[in-house]
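1. build me a model:
(chains A and B)
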Amino acid sequence: MTFDTLYFDIGRLDRLSYRDTFVHHLDPRAKVIATMLFLFTVISFPKYEVVALVPFFLFPVLLMTIGEIPVWFIFKKVMLVSPFTIFIGIFNPLLDTGTVAVVSGIPVSAGFISLLSILLKFTLTISVALLLIATTSFSGVCHALRRLGFPALFVSQLLFLYRYLFVLMEEAMRIIRARDMRSFGSRGTGMKVSVRLIGILFLRTVDRAERIYYAMLSRGFQGDIPSLKKYHIASIDLAFMATTIAFLVVFRFFRVTEGIGRVVQGLFA
Amino acid sequence: MSHHIVDFKNVSFRYPDGTEALRGINFRITHGESVGVVGANGAGKSTLLQHMNGCLMPTSGTVTIGDLTLTRKTRREIRRKVGIIFQNPDDQLFMPTVFDDVAFGPLNLGMDEESVRERVRKALSMVHSLDLRDKPPHHLSSGQKSAVAIASVMAMEPDILAMDEPAANLDPKSRRSLITLLKSFRHSKIIASHDLDLILDVCQRCIVIRDGTVVADGPSAEILTNRTLLEENNLELPLSFQRR
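-> Numbers count the residues shown, from 1 in each chain, chains lettered A, B, ... in the order given. Sure thing, here's the model as predicted:
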């Protein structure tokens, strides 16, 4: 994937949030709280837990289906960040060699189990976080955080990060194009030049930040970003949160997978 | 309402790196006047505009807006009166949607929700961009961005409007509608631009600056027909005068 296509793809997550479904209509605060609880619950499992994690996929799958978010899109984004996690867990099978099970004659080390557990937790958390943005829009999430009492400075930083991500990428794209047009073969594309380009990008960013700050001051900025959107927690939002919490509690403290297994066994017995 | 006056007295400004950008600028703009500021690249036009609402403070001399002298204390008050539209609309539009952006100023003025919505609606329809309300600024074209940037400043209902290269990045049709728009404002206006035809169309008066000083100040019709003066300042006759 080249820089250009990557750039044009990034706006898509944003555009998904313009849709008009049940999930999109929920109060952003309800969705933020539900997502956070979900993340904490998933992370709270011990490191060798695999089976109990599987039922949690129900949550992202439901969000995706009801919110009409394309599965492939989310899947690709998850894959894009996966190298970070894979590197965290990749050496577990070698370091943690105690055999915990033997599957058809092949011994399975504890490290494999913990690697699998890390990957599951990663997929669950990242996909739910992406779905939150795809169904709420980034600014919606930011305003919800502000309403939930997060500091103004933190929220404005987040808003700016998102707004100027595009501008920064455009700037970087222009610099890279200008370099590519005048570098032939591998000349001029080496590390040394790239380092300087990053320096220039940084300087331009600082200048721009100053101009933006002037523009904000000119319009009466006093430290907090105001928002007009009034959100009302409706009964449907409360119902959504209650269902999510019930779902999380059941899946966290009861062995749901085992239960389903027993029921199925019972059917065939 | 009779004192939307901008008065620069002996204004000098030196950047921290030692560059002297303004050296003793003097002029006075009265209520309702439209003034074009022209000059070569680096003559000090943008620096001058940034003094209008205290983004930069003069190293010496005084800037007076209405009956307020620009100081660190009066800066906030002055920013309500002077709306500045910067050259690059990307710097001006920093909120996630067009609506939020235009509402930013009025909300900071502490207005209630109803009047903010009304202001935003008025400002956006003034620049024919009401349909763009819910779009994020990064999905707009340059012309649309400029229009929204103007709306975001107009929503604060300033007494005085200062613009830095308003027509840069605009295609001819958008430029034409900008000119019509600017003509319809009854504010005091200061427009810094290289687009001399625009200045000729919109401003009755024109100030030429070079190396941080005022070298000419008079009716646009006179100054913009003075070929020698213009050429000394890296400018040329407006295209509308060049036909042979």
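2. C-alpha from now on. contacts and neighbour counts both.
-> OK.
3. what sits against the closest residue to B:Leu49 other than its chain neighbours?
-> Computed as C-alpha to C-alpha, 6 or more residues apart in numbering or on different chains, the closest residue to B:Leu49 that is not its neighbour in sequence is B:Ala162, at 6.8 Å. For B:Ala162, the set of contacting residues under the criterion of C-alpha atoms under 8 Å, 6 or more residues apart in numbering or on different chains consists of B:Leu49, B:Met52, B:Val82, B:Gly83, B:Ile84, B:Ile85, B:Lys189, B:Ile190, B:Ile191.
4. contact partners of whichever helix or strand B:Thr180 is part of?
-> Applying DSSP states H and E as the criterion places B:Thr180 in helix B:172-184. Residues outside helix B:172-184 that contact it (C-alpha under 8 Å, 6+ apart) are B:Val127, B:Gly143, B:Ala167, B:Leu198, B:Asp201, B:Val202.
5. how about those in JSON lines, adding pLDDT?
-> Rendered in JSON lines, the data for those read as follows (pLDDT from 0 to 100):
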{"residue": "B:Val127", "pLDDT": "85"}
{"residue": "B:Gly143", "pLDDT": "84"}
{"residue": "B:Ala167", "pLDDT": "84"}
{"residue": "B:Leu198", "pLDDT": "91"}
{"residue": "B:Asp201", "pLDDT": "91"}
{"residue": "B:Val202", "pLDDT": "92"}
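6. narrow those to those in helices?
-> B:Gly143, B:Leu198, B:Asp201, B:Val202 (DSSP state H).
7. tell me which parts of chain A are close to chain B?
-> A:139, A:159-160, A:163-164, A:166-167, A:208, A:211-212, A:214-222, A:225-228 (C-alpha under 8 Å from any C-alpha of the partner chain).
8. before we move on, the earlier item: whichever of the ones in helices among the contacts of helix B:172-184 end up buried, select them in ChimeraX.
-> Buried members of the ones in helices among the contacts of helix B:172-184 can be picked out in ChimeraX with the line below, counting by 16 or more other C-alpha atoms under 10 Å in any protein chain shown:
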select /B:143,198,202
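9. Throw the ones in helices among the contacts of helix B:172-184 into TSV and include distance to B:Val35, thanks.
-> Below are the ones in helices among the contacts of helix B:172-184 laid out as TSV (distance: C-alpha to C-alpha, whole Å):
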residue	distance to B:Val35
B:Gly143	23
B:Leu198	11
B:Asp201	11
B:Val202	8
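10. ok, so of the ones in helices among the contacts of helix B:172-184, who is nearest chain A?
-> Using C-alpha to the nearest C-alpha, B:Gly143 is the member of the ones in helices among the contacts of helix B:172-184 that lies nearest chain A, at 16.4 Å.
11. tell me the secondary structure at the closest residue to the closest one other than its chain neighbours.
-> Counting by C-alpha to C-alpha, 6+ apart, B:Gly143 lies nearest to B:Leu170, which is 5.4 Å off, once chain neighbours are set aside. Using DSSP: H, G, I helix; E, B strand; the rest coil, the structure places B:Leu170 in coil.
12. so what's the residue count around A:Gly190?
-> Counted with other C-alpha atoms under 10 Å in any protein chain shown, the neighbours of A:Gly190 add up to 9.
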